[in-house]
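S.K.: For reference, the sequence and a predicted model appear below.
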Amino acid sequence: PVIDLRVSRDGRQSWQFAAVRESPVRVAQLGAGLGASGVAVQRGHGMIVPMAAAGSQSAAMGLIEKLELRSIRLTKASIRYRDDRTGMAERVDDFDLSLTGRRIVDPLQAKGALVWKNERLTYDVRLDTLAQLLAKREAKARVTISGRPMSAGFDGTVKIDDRMAVTGQTRLDGSSLAGATRWLGMVLPNGAPLGGFKVSGRLVASEESVALNDATMSLGQTRANGVVLLAFRPGRPYLSADLKMSELDIDRLSSGFAGMQMVAHKAANRQVAPNVGAPVPVGKSKPASPKSIEDLLRRSQLPDEGPKGVGRFAPQVRGYTNRNEWSSEAINASALGLLDVKARLRIDGLKVAGLASGRTVLRAALANSAMRVDIDDVQLYGGGGKGVITARPSGRGIGVGANLRVDDVVAKSLLADAAGFDRLDGRGK
C-alpha cells in the first residue's frame, strides 16, 4: 500500500476530513448487539462513535474496552509526505508494521522496520495499555530504534492530558557523528576523526521544554556529565547547561566541524565541495631561522612538528587559502541570535590554539546576540589566571573583547606549545 500525506498551499491537510453534519442517535436505533444502555452514539465520517450520555463517560469507555482487534499488519508499505507551501518532501519505504494487543486494556506492541533516506531502521514500541492514555493517566512505554546511522531507546512513562508529559531513561548513540549528521542532511567533510557519539540520561519532556538530567555525553574522547535544559520560549529558545568535562579539545573539534554544509535530501549524494577549512599544504623545506619573537609567533607548524596527530594552532579560516595571514572577510554573526544560553562548565583539561591548560572553570551567557564568558579559574603551565571574553555583532562582523590575567606561568613550556620555541626559560605573567 501507499499512504500519501499532503499539505496544500492553503494549509489543508489531506488526512483531515471535511466537516460533516452529525446527529446523535440512540443505541436502540442501531440494531441488536449494542444493547439498550441509553448511551448515545454519534454517526459521522462513515463511523459509529460512542458518546457519553447523561454525563457518563464510563459507559462509553466500557463499550470501547469491549472492542477487539485480531491483528494489524502492513508489509512493504510506502508513506509519502509533501508540503506544497514549502516544497518539503519526505518518503518512507519498505514500511513493515505488526500491531498486537486485542483490546485497549491489553498491553500494546508495535514492531517492524522501515527505510528512510536509504537507511533501514528497526523499531519496537511497547505500551502498557492504550486505556491508560485515553483516561489521561500515566502509561508505561518502551521504545527501541536500531539502525546503522544511530540507535535510540526510551523506557519510562507517557501521559497525555491537556499537555503531553514524557519522563524516563533515554539514550542516543552512533558509531560516527559524521555519518549520522550526513544522514540527517548536514555534511561534515572533516568529521571522521570526531568518532562516535553517545548521549544518555533521564528525559523530562513537555510541550514547553526538554530536560536531560543525570546526563552522560561523549564525542570521541570527550566526556561530559551533568544537566541540560532546552526551553521553547517565544522569540528564541533558551539553553541551560551545568556540565563537568574530562577534556575539551577545541582544536580537534573545530577542525572536525570545519567546512560544515547543509544539504537537501535530494542532493545528499552530490559531490562534497572542497574543504575550505583544511590546512594549506606546506613544503618540506626547512624554514628560515627566526630572527625575532614575532617571527616565532607567525610561523606555521610543519606536518612533522609536535606530537603525532596533534597540530599546533595555525590560521585555518575562510580566505586563508588565498592569503598568508588571517582572512579579512567579516565573520557571520547571525549564529549569536539563534538562541539564549546560560552554561557553567568545569573542565579537567582544555586544549585551544595549541595551548593546553589544566582545570578550567567558566560560565557562559548568551542573550540578545551578546555573549560573555567568565573564566573563573584556569590552571595554565604551572600558573593560574582568570578573565572575561565578550562577543557581539558589530557592523558586518563580530566584535570581540578580552580581559585576561595569568600569573606565574612557565615561559619555556608556554612558548614551546605556542610557537615551538624552547630557548626562553623562567616564569612570567
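M.R.: Perfect, thanks for sending it. Every value quoted in this text rests on a predicted model; they were computed, and no experiment measured them.
S.K.: Every contact and neighbour count from this point should use C-alpha atoms.
M.R.: Will do.
S.K.: The closest residue to M262 other than its chain neighbours: neighbouring residues, count only.
M.R.: Sequence neighbours aside, M186 is the residue nearest to M262 in space, at 4.5 Å (criterion: C-alpha to C-alpha, 6 or more residues apart in numbering). The local packing of M186 (other C-alpha atoms under 10 Å) involves 18 other residues.
S.K.: same deal with D96?
M.R.: Based on other C-alpha under 10 Å, the number of other residues close to D96 is 19.
S.K.: Check the one 3 residues further on too.
M.R.: Counted with other C-alpha under 10 Å, residues neighbouring L99 total 18.
S.K.: who does it bridge with?
M.R.: I72, A110 (DSSP bridges).
S.K.: Doesn't R102 belong to a strand?
M.R.: No. With DSSP: H, G, I helix; E, B strand; the rest coil as the criterion, R102 is coil rather than part of a strand.
S.K.: any idea how far the residue nearest to M262 lies from D83?
M.R.: 21 Å (C-alpha to C-alpha, to the nearest Å).
S.K.: what's the answer for G185, then?
M.R.: 18 Å.
S.K.: about what we covered before: what residues are up against the residue nearest to M262?
M.R.: M260, Q261, M262, V263 (C-alpha atoms under 8 Å, 6 or more residues apart in numbering).
S.K.: Going through the residues you listed, which ones are buried?
M.R.: The neighbour-count test (16 or more other C-alpha atoms under 10 Å) marks M260, V263 as buried among the contacts of M186.
S.K.: Pick the one among the contacts of M186 closest to R359.
M.R.: Nearest to R359 among those, counting by C-alpha to C-alpha, is M260 at 30.1 Å.
S.K.: And that closest one, what's its pLDDT?
M.R.: We have a pLDDT of 81 for M260.
S.K.: Apart from its chain neighbours, what residue comes closest to it?
M.R.: Using C-alpha to C-alpha, 6+ apart, the closest residue to M260 is L188 (4.8 Å).
S.K.: which ones are touching the one you found?
M.R.: L188 makes contact with A178, T181, R182, G256, F257, A258, G259, M260, Q261 under the criterion C-alpha under 8 Å, 6+ apart.
S.K.: again with S71
M.R.: S98, L99, T100, G101, R102.
S.K.: Assess the claim that the first one and G112 are in contact.
M.R.: Yes. With the criterion set as C-alpha atoms under 8 Å, S98 and G112 qualify as a contacting pair; they are 6.1 Å apart.
S.K.: Who has more neighbours out of the two?
M.R.: G112 (19 against 15).
S.K.: Thought A77 was touching that one, still the case?
M.R.: No. In this structure, G112 is not within contact of A77 by C-alpha under 8 Å, at 11.4 Å.
S.K.: Identify the contacts common to those two.
M.R.: Contacts common to G112 and A77, judged by C-alpha under 8 Å, 6+ apart, are F95, D96.
S.K.: hang on, V166 packs against F154?
M.R.: No. Using C-alpha under 8 Å, V166 makes no contact with F154, being 9.9 Å away.
S.K.: What helix or strand is the residue nearest to K198 when sequence neighbours are not counted located in?
M.R.: Leaving aside its chain neighbours, K198 sits nearest to D173 (4.1 Å; criterion: C-alpha to C-alpha, 6+ apart). Per DSSP states H and E, D173 falls inside strand 164-174.
S.K.: how about that strand: buried residues?
M.R.: Buried residues in strand 164-174 (16+ other C-alpha under 10 Å): A165, V166, T167, G168, Q169, T170, R171, L172, D173, G174.
S.K.: repeat for stretch 379-390
M.R.: Result for stretch 379-390 [16+ other C-alpha under 10 Å]: buried residues Q379, L380, Y381, G383, G384, G385, K386, G387, V388, T390.
S.K.: Quick one, grab the pLDDT at A205.
M.R.: So A205 comes in at 94 (pLDDT).
S.K.: Which parts of the stretch 101-250 of the chain are helices?
M.R.: 130-134, 177-183, 250-257 (DSSP state H, counting those that start in this stretch).
S.K.: Could you dump the ones you listed into JSON lines and include mean pLDDT?
M.R.: Listed next are these as JSON lines, based on pLDDT from 0 to 100:
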{"stretch": "helix 130-134", "mean pLDDT": "86"}
{"stretch": "helix 177-183", "mean pLDDT": "92"}
{"stretch": "helix 250-257", "mean pLDDT": "82"}
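S.K.: G195: which of the ones you listed is closest?
M.R.: Closest to G195 of the helices of the stretch 101-250 of the chain, according to C-alpha to C-alpha: helix 177-183, at 6.2 Å.
S.K.: Now do the buried residues in that closest one.
M.R.: L177, A178, G179, A180, T181, R182, W183.
S.K.: How about the contacts made by the first one?
M.R.: Listed by C-alpha under 8 Å, 6+ apart, the contact set of L177 reads G191, A192, L194, G195, G196, F197, L219.
S.K.: need the contact list for the residue lying closest to the third one once chain neighbours are set aside.
M.R.: Spelled out, that is L194. Of all residues not flanking L194 in the chain, G220 sits nearest, at 5.5 Å (C-alpha to C-alpha, 6+ apart). With contacts defined as C-alpha under 8 Å, 6+ apart, G220 is in contact with P193, L194, G195, G196, F197.
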